[in-house]
Every structure is written in C-alpha cells, then in structure tokens.
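J.: Need the 3D shape of this:
(chains A, B, C and D)
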Protein chains: 2
Amino acid sequence: MARPRTTPRTVEHPELSEVSLQQALEALADPVRRMVVCQLAQAGGEKGCGTFETPVSDSTLTHHFNVLREAGVIRQHYRGTTKLNSLREAELEARFPGLLPAVVTAAEAEA
Amino acid sequence: MARPRTTPRTVEHPELSEVSLQQALEALADPVRRMVVCQLAQAGGEKGCGTFETPVSDSTLTHHFNVLREAGVIRQHYRGTTKLNSLREAELEARFPGLLPAVVTAAEAEA
DNA sequence: ACGAAGGTTCGACGGCGGTCGTACTATCGA
DNA sequence: TCGATAGTACGACCGCCGTCGAACCTTCGT
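T.: Down below sits the predicted model:
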C-alpha cells in the first residue's frame, strides 16, 4: 500500500512572533538547556538529539528539547530515526536582538 | 552614648565577578523582577522601593529586590527610611556584554 | 516621646517544573 | 520479518520559588 501504517513524524514550530520574552528567558535560564544551545552554537549547524553531552536522562532531554522548540529557540526535524536540531538564530535575532549571542557568549566565557 | 541602640542599615552587594550567568538569567526570567528592571531603566537613575508599579505585595517585592541585588543587577542603599535602587549597568555590561540591554529592549518592545 | 511611614523578617502554603523509569512507537539494516 | 537503534509519552515524585499576612524594626516629623 502507498500509505504508511502509522503517521509520519512531524514537528510543530511556533512563529517567533508568537513567542514571548518570558518563554525565551525561561528556556535559556535552565543550565541543561543552555548546554544544548551552546553545543548547537558551537557545532554551527545541525546536531542529532543523541549527540549532546548532558547530565540527564533521555526522557528528560526530550522534555528540554520540547521547551526549547516551543520557545522558538531551536528547529527540529526528523531524518530517518534521528531527530536533527538547529538554532533559529536569524529569526531569534529579529525577535529579540542581541539576546541569544549575549547568552551564548557569556556561557562560553564562563566555561 | 555614641553608639546607636540598633545597628544601622547596610546592604551587601556581590562583586559582579562572583555572579554566575545562571543567577543573572534567573533574576531576569521573572516577570515582576523584569518590571522592576524596566522601570529602573526608564527612570535612568535611582528609585525608591515604594515607587514601583507591581502586582505583588510589599513583602514579595522585598524578596524580588533581594534576588536582583544578589544577582548583581541592582544596587541598593538607604537614605532615611527609604531605600534607593539603581541598575548596575556598567558592571553588568562588563560581566555579561549585551545581556541587560537585550532584555530591556525586548521587554519594552513587547509592552 | 510618640505615632506614622517605609521596609523587612518569618512562617506557611501552593503550584510548577525538572527529574526519572518504564513502556511504547518509528525507522533502518540484515 | 525481526532486531536494534533513536527518541517519545506517561505518570510519579520532589524540591524550589513566588506569594501572602502578620509582626517587627528603623527613621522622620511633630
């Protein structure tokens, strides 16, 4: 049959205009999420969910990815069984100028 | 007697070098605290504790001021019975370049 | 000396968010 | 078709943080 037996996996992303500063700051205020963002910034492109170094379990990490996505910080899409993540840098810069670079720079300087 | 019967009121401020990005972001991630910061930025100088517009009680507000002070965001000192607050803009800029302006700008743009 | 004004301290409470393990689904490769 | 791999969903737990009211402490004005 042409139809897959199960629904394909898609991901919902908010428009940046629908994201509040509150959401963005809450997203960036968690240490684990900031690790994710920094590793993504350092990678400079896409990165699979399983390739991040964090101190938490897989299910917790999934939760953090969801928060970041809903805050408009990252974009996610599937390729095969892996889920790729990337920063929405340009859009974020348009919505909250200077915020992401400031946080990433400070985080890297601290580490 | 030369000694006052009670201790005069002094306020402890951390060095900005002792403040973590975590603290700063947590401080700025609360809506009430962000109101305080914005009103302070808009005032451009010092502002008494009682002169802020917030939706919370006095005791809660005291708590928020403490958090902001311990995060190095504001400086406080007494003059008579009133406590004056000001932003530690320059020091903050040196420690976390671009962070405060980005947050304040975004907050003002949103409002 | 006294009262009022401006803040603080303390304890209590409630809700939310980060964490985990387990069970589950989707895709790929053999 | 089957197993392995990658990630998700769900429920539970727990600790922390924002909130309040009441009692208290300073300082000023009278």
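J.: residue ranges with poor pLDDT in chain A?
T.: Judged by pLDDT under 70, chain A has its weakly predicted residues at A:1-8.
J.: Please name the nearest non-neighbouring residue to the residue nearest in space to the middle of it.
T.: Nearest to the geometric centre of chain A sits A:Ile74, at 3.1 Å (CA atoms, centre = their mean). Among residues not flanking A:Ile74 along the chain, A:Leu68 sits closest, at 4.6 Å (CB to CB, 6 or more residues apart in numbering or on different chains). Yep, even glycine has a C-beta here, placed from its N, CA and C like the rest.
J.: what comes up buried for the strand or helix carrying the one you found?
T.: Assigned by DSSP states H and E, A:Leu68 falls within helix A:58-70. Within helix A:58-70, the residues scored as buried using 16 or more other CB atoms under 10 Å in any protein chain shown are A:Leu61, A:His64, A:Phe65, A:Val67, A:Leu68, A:Arg69, A:Glu70.
J.: Identify all contacting residues around stretch A:52-63.
T.: A:Val32, A:Met35, A:Val36, A:Gln39, A:Cys49, A:His64 (CB atoms under 8 Å, 6 or more residues apart in numbering or on different chains).
J.: Can you confirm whether it lies near DNA strand C?
T.: Yes - contact of stretch A:52-63 with DNA strand C is found when judged by CB under 7 Å from any atom of the strand, involving A:Pro55, A:Val56, A:Ser57, A:Asp58, A:Ser59, A:Thr60, A:His63.
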